[in-house]
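**Q** predicted model and sequence follow; I will ask about them next.
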Amino acid sequence: LLTRAAIFLQRARRLPVHGLNTCGSTRTPLPWQCTVNREVSVQGSEIRAGNVIERKGRLCAVTKMSQTGYGRGSTFIVLELKDLLSGAKLQERLRSAESVERVPLEERRVQYLYKAAGAVVCMDNDSFDQLEVPESLFGDSAPFLAEGMEVTLSVVNDKVLLARLPAAAVYTVADTDTVRKSTAVPQYKVAVLENGVQVDVPPFIAKGEKIRVSIPHGEYLERA
């Protein structure tokens with residue numbers, strides 16, 4: 001039986017479910033296997049955050065990878081995964097030499113324009129076509145979107161599976177708190193960025209200044 005992920009992607013691309021498939025075989029493949037970029041078998045130690053892998057019939061994005069060792073020859077890889085169909089968070093533990101099916105992705109760079117009804121509207125930098133991407137694909141980084149920002153879309157068979165913001169970006173401080181937070185030295189205060197996101201900044205940062213912010217961590221880095 002086909003997995004839910006396979007059925008979903010086959011419907012999206014209108015691939016045949018029965019009979020001779022587009023890969024020239026009578027065996028029904030997973031849809032992303034019918035492209036020029038087929039799955040690639042790699043060792044667990046080669047997997048990195050941001051990769052997309054196929055595990056137990058599920059298409060999953062690797063959100064975090066860590067390595068643990070229990071003595072010589074006993075190294076394990078722990079993968080934090082997100083099921084790209086259901087959104088469920090999973091964890092897989094495998095040996096560093098264990099074979100994993102990595103799904104090659106096409107990356108497209110687009111420019112963020114605006115949000116509309118749960119979607120993020122972007123413009124293709126090459127064709128200038130506009131496209132809508134589900135806001136959920138941006139995950140926790142969605143609030144950091146800013147007009148004109150270049151984002152990266154990971155695509156399989158013309159279907160967007162992941163959306164990624166840059167590691168850091170420059171924002172204008174729209175407002176700052178005059179009262180410093182009582183935290184570890186040095187003290188910080190709250191700044192509201194142009195997109196409404198709040199970050200802790202040093203006390204010398206003033207309204208109207210531009211600062212560089214780490215998007216994955218939501219932290220102030222430096223003056224821009």
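**A** Cool, the structure landed. Numbering: from 1, shown residues only.

**Q** switch to C-alpha atoms for all contacts and neighbour counts from now on
**A** Fine.

**Q** direction included, what does the helix or strand hosting Thr172 pair against?
**A** Following DSSP states H and E, one finds Thr172 within strand 168-176. Strand 168-176 has its sheet partners listed here by DSSP bridges as strand 189-193 (antiparallel), strand 210-214 (antiparallel).

**Q** from the middle of its chain, how far away would it be?
**A** In terms of C-alpha atoms, centre = their mean, to the nearest Å, the centre of strand 168-176 is found 23 Å from the chain centre.

**Q** over to stretch 145-154?
**A** Taking mean C-alpha positions (C-alpha atoms, centre = their mean), stretch 145-154 and its chain are 12 Å apart.

**Q** measure it end to end?
**A** 17 Å (C-alpha to C-alpha, to the nearest Å).

**Q** residue ranges with poor pLDDT in this structure?
**A** In the predicted model of the chain, residues 1-39, 69-73, 179-186 satisfy pLDDT under 70.

**Q** the helices in this protein, which residues?
**A** Using DSSP state H, the helices of the chain run over 4-13.

**Q** what number of residues lie near Ala224?
**A** 12 (other C-alpha atoms under 10 Å).

**Q** leaving out chain neighbours, which residue sits closest to it?
**A** Take Ala224 and drop its neighbours on the chain: the residue closest to it by C-alpha to C-alpha, 6 or more residues apart in numbering is Ile211, 4.7 Å away.

**Q** one more: Lys82?
**A** Spatial nearest neighbour of Lys82, excluding adjacent residues (C-alpha to C-alpha, 6+ apart): Lys89 at 4.6 Å.

**Q** same check on Arg212?
**A** Of all residues not flanking Arg212 in the chain, Val170 sits nearest, at 4.4 Å (C-alpha to C-alpha, 6+ apart).
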